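Asker: could you work out the structure for the sequence below:
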Amino acid sequence: MKNTVRTFTATLSIPALAIVGLLVALPPAYAQTQGMERRDDRGDDRQDARDTRQTGRDEARDAKEACRDGDDSRSECRQEKRDTKQDARESARDIKRND
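Answerer: Residues are numbered from 1 along each chain as shown. Below is the predicted model of the structure:
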């Protein structure tokens with residue numbers, strides 16, 4: 001009786017261990033759907049747009065500072081800063097729209 005139980009246990013455990021070993025050895029599978037890829041692309045586009053706007057802010061500050069050092073009026077300097085920032089915003093919009 002004990003031999004039969006051991007034989008039965010051994011015959012079940014060997015294939016079970018083999019199956020577990022195969023499952024562990026398989027590489028992980030990542031299900032990348034088209035929707036996930038599009039979402040990742042949109043995230044990259046948003047980050048690029050943010051970077052463009054930040055660069056535009058920095059350029060606008062530099063332009064206003066240079067304008068103040070010159071002989072231009074405050075209103076002209078403000079307008080130059082606004083124009084620079086607006087150009088950066090337009091560029092950022094173009095980045096987001098060109099998917």
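
Asker: next one: the longest helix belonging to the chain to chain centre, how far?
Answerer: Using DSSP state H, we find that the single longest helix of the chain is helix 34-69. How far helix 34-69 lies from its chain's middle: 14 Å, per Cα atoms, centre = their mean, to the nearest Å.

Asker: check stretch 79-95 too.
Answerer: Mean-position distance between stretch 79-95 and its chain equals 23 Å (Cα atoms, centre = their mean).

Asker: sorry, back to before: who are the packing partners of the longest helix of the chain?
Answerer: helix 74-97 (3 or more Cβ pairs under 8 Å, 6 or more residues apart in numbering; DSSP states H and E). C-betas here are computed from N, CA, C, even on glycine.

Asker: can you give me how far the helix it packs on is from the chain middle?
Answerer: Remark: helix 74-97 is offset 25 Å from the chain centroid, using Cα atoms, centre = their mean.

Asker: just the angle between that helix and helix 34-69, please?
Answerer: For helix 74-97 against helix 34-69, the angle by axes from the mean of the first three to the mean of the last three Cα atoms, to 10 degrees is 170 degrees.

Asker: buried ones in helix 74-97?
Answerer: Under the neighbour-count criterion of 16 or more other Cβ atoms under 10 Å, helix 74-97 has 77, 80-81, 84-85, 88, 92, 95 buried.

Asker: could I get the CA-only coordinates of stretch 38-45 as CSV?
Answerer: Output in CSV follows, covering the C-alpha atoms of stretch 38-45 (Å, rounded to 0.1, in the frame of the first residue of the first chain):
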residue,chain,number,x,y,z
ARG,A,38,-1.3,55.7,-28.6
ARG,A,39,-1.5,56.7,-24.9
ASP,A,40,2.3,56.5,-24.5
ASP,A,41,2.7,58.6,-27.7
ARG,A,42,0.3,61.2,-26.3
GLY,A,43,2.2,61.3,-23.1
ASP,A,44,5.5,61.9,-25.0
ASP,A,45,3.9,64.6,-27.0
